[in-house]
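Colleague: Sequence and computational prediction follow.
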Amino acid sequence: MSRTGGLIAESLRVGTVLDGVTLTVSKISRADLGDVEAGQPRTWSVPEA
């Protein structure tokens with residue numbers, strides 16, 4: 001099964017391992033989208049497949 005989309009790297013919990021996943025990345029972008037007051041990181045990394 002093939003999926004297309006983005007993965008927000010900062011949404012992964014510390015210690016999380018993505019194992020056995022074949023991932024082709026076509027673009028990686030970074031943007032200041034987070035809400036720091038809500039405890040989110042300011043800058044997000046989004047690898048896109």
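Modeller: Happy to help now that I have it.
Colleague: In the chain, which residue is most central in space?
Modeller: For the chain, the residue nearest the mean C-alpha position is residue 8 (1.9 Å; CA atoms, centre = their mean).
Colleague: what sits against it?
Modeller: Applying CB atoms under 8 Å, 6 or more residues apart in numbering to residue 8 gives the contacts 44-46. The way it works is simple: take the backbone N, C-alpha and C, and place the C-beta from them, glycine included.
Colleague: ok, so of those residues, who is nearest residue 4?
Modeller: residue 46 (13.4 Å; CB to CB).
Colleague: So the closest one sits against residue 5, correct?
Modeller: No: counting by CB atoms under 8 Å, residue 46 stays clear of residue 5, with 9.8 Å between them.
Colleague: quick one, which of the two is more surrounded?
Modeller: Higher neighbour count among residue 46 and residue 5: residue 46, with 17 against 7, using other CB atoms under 10 Å.
Colleague: In contact with the residue nearest to that one when sequence neighbours are not counted, which residues are there?
Modeller: Setting aside the residues directly before and after it, residue 46 is nearest to residue 6 in space (CB to CB, 6 or more residues apart in numbering), at 4.8 Å. Applying CB under 8 Å, 6+ apart to residue 6 gives the contacts 46-49.
Colleague: In PyMOL, select just the buried ones from those.
Modeller: To isolate the buried members of the contacts of residue 6 in PyMOL, using 16 or more other CB atoms under 10 Å:
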select buried, resi 46
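Colleague: which among the contacts of residue 6 gets closest to residue 17?
Modeller: For these, the nearest to residue 17 is residue 47 (16.0 Å; CB to CB).
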